[in-house]
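>>> Coordinates for the following, if possible.
(4 chains)
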2 protein chains.
Amino acid sequence: MREDTRSKIQEVALELFTEQGYEATSLREIAERLGVTKAALYYHFKTKDEIAASFLEDRAAALSRLIEWARTQPRTVETRRELIRRYAEELRVSSHHKVMRFLERNQTALRDNPKHEAMREVMTSFVDLLAEPGDPLHRRVKSSLAVFALHATWFLAKDEECSDDERWEAGLAVALDLVDSVDADRTATR
Amino acid sequence: MREDTRSKIQEVALELFTEQGYEATSLREIAERLGVTKAALYYHFKTKDEIAASFLEDRAAALSRLIEWARTQPRTVETRRELIRRYAEELRVSSHHKVMRFLERNQTALRDNPKHEAMREVMTSFVDLLAEPGDPLHRRVKSSLAVFALHATWFLAKDEECSDDERWEAGLAVALDLVDSVDADRTATR
DNA sequence: GTCTATAGCGCGATAGAC
DNA sequence: GTCTATCGCGCTATAGAC
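Below is the predicted model of the structure:
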């Protein structure tokens, strides 16, 4: 119950940063929500940016592990399908989708955060694994959309008349479909 | 040369809001870039929010006209394909893609701006036109991705080794492909 | 590990001269 | 239509007691 003030700060900050925006959320609000003062936050994190960096770093590391795994595999459709499945699972079981939504909604505000830059690079590597080096632009766009399809199902308005599981399944189905479609196109024009 | 101070403010504001973020851009920066003072901006716009609202309103109106046209047409694949083509053209020839990029990167900051809310609603209507009322979730996700594909080609890093025209064509090709794919799926399961 | 108190700054916005 | 000057605020961050 002592040291998890730190993780409670992260949890509340992630929620407020996402819902109200990073810049629009003051440390006073975060502190108030936790029943402490601003000064207490500064014991756990040196700056406001460092709070954001803390969860970006965590998720970038998780993504890196996934990428490392993929690099040990042959560059086939099967590997790509499995990569999509594993990433979809990561989104489902961890806070990953929350962090991605925070990122998506605060792109400019995080512009100068080094961990944001690191996260962008990892995402680029991830998307690169879904395409072949020589693929034309339209295939690479489609491959990016596969990843975006997985995110979109978490980002879309929660007022749809369906459960999180249904949303997750729909996103996965569309992503796999896109990977297959890119592969079919590649085979057809070989 | 007189009244176009107003449009110069809009132009500079749109660029800075997009590159640095809405909240991170101060009125002082906009004024300095134009060689005037903050007070001059207040002659043309009552508040900072009103500057953002001014270009959101303009593009929401353009999109509404497109939607009105589509509503006079039969709900067929051909109409949907033409709708996608017309929207792609709007993105290409006007400032529309700049405004959409600004929107995409400043979602939380614009949260309380009424014109942002209006824009969201218009975009929802637009995506709804691409799907049938009874379509399952995965088809609606795919339809949204068609629109996102058009945006993505403008939003993606400009450091790709290709021209704006090539990017535009790739986005259009992928978007039309998705519309066709949704229609094929609909026909197959009828 | 959390508190009170405050420094120091830049912001959006306004008043009123020209 | 643009200026100078200024107000009032809330923010990040720090100092130092407990």
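>>> Quick check: pLDDT value at A:S163.
Note for A:S163: predicted pLDDT of 89.
>>> Please identify which helix or strand holds the closest residue to A:H151 other than its chain neighbours.
Of all residues not flanking A:H151 in the chain, A:M100 sits nearest, at 5.6 Å (Cβ to Cβ, 6 or more residues apart in numbering or on different chains). Placement of C-beta: from N, CA and C, glycine included. Here A:M100, judged by DSSP states H and E, is contained in helix A:96-105.
>>> what's that helix in contact with?
Residues outside helix A:96-105 that contact it (Cβ atoms under 8 Å, 6 or more residues apart in numbering or on different chains): A:14-15, A:17-18, A:21-22, A:52, A:55-56, A:58-59, A:62, A:90-91, A:110, A:116, A:119, A:151, A:154-155, B:107-108.
>>> Might you enumerate the residues of chain A proximal to DNA strand D?
By Cβ under 7 Å from any atom of the strand, the residues of chain A that approach DNA strand D are A:25-29, A:38-39, A:42, A:46-49.
>>> So how do I select the buried members of those residues in ChimeraX?
The buried subset of those, as determined by 16 or more other Cβ atoms under 10 Å in any protein chain shown, is captured in ChimeraX by this line:
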select /A:25,27,48,49
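>>> Restricted to strands, list the residues of chain A next to DNA strand D.
Of the positions in those, not one sits in strands, assigned by DSSP state E.
>>> Among the residues of chain A next to DNA strand D, pick out the one closest to A:S95, please.
For those, the residue nearest A:S95 by Cβ to Cβ is A:T25; the value is 17.4 Å.
>>> which residue packs closest to the closest one, ignoring adjacent ones?
Nearest non-adjacent residue to A:T25, counting by Cβ to Cβ, 6+ apart: A:L16, 4.4 Å away.
>>> Check which helices and strands the next helix or strand after the helix holding A:M100 sits against.
Counting by DSSP H and E, the next helix or strand C-terminal to helix A:96-105 is helix A:114-129. For helix A:114-129, the packing partners by 3 or more Cβ pairs under 8 Å, 6 or more residues apart in numbering or on different chains; DSSP states H and E come out as helix A:48-71, helix A:77-93, helix A:137-155.
>>> what do you get if the cut-off is 10 Å, keeping everything else the same?
Using 3 or more Cβ pairs under 10 Å, 6 or more residues apart in numbering or on different chains; DSSP states H and E, the elements in contact with helix A:114-129 are helix A:48-71, helix A:77-93, helix A:96-105, helix A:137-155.
>>> what sits against A:L137?
By Cβ atoms under 10 Å, 6 or more residues apart in numbering or on different chains, A:L137 lies in contact with B:153, B:156, B:160-162, B:166-167, B:169-171, B:173-174.
>>> hmm, back to that, please, which helix or strand holds the residue nearest to A:T25?
Applying DSSP H and E as the criterion places A:L16 in helix A:5-20.
>>> Give me the contact status of that helix with DNA strand C.
Yes. Helix A:5-20 reaches DNA strand C (Cβ under 7 Å from any atom of the strand) through A:T5.
>>> OK, contacts around A:A53?
Neighbouring residues of A:A53 by Cβ under 10 Å, 6+ apart: A:45, A:47, A:60, A:110, A:113-116, A:118-119.
>>> Considering the residues you listed, which possesses the most neighbours?
Highest neighbour count within these: A:L110, with 23 neighbours (other Cβ atoms under 10 Å in any protein chain shown).
>>> Could you report the distance from the nearest residue to it once chain neighbours are set aside to A:M123?
Distances taken as Cβ to Cβ, 6+ apart place A:H116 nearest to A:L110, at 4.0 Å, with adjacent residues excluded. Computed with Cβ to Cβ, to the nearest Å, the distance linking A:H116 and A:M123 is 11 Å.
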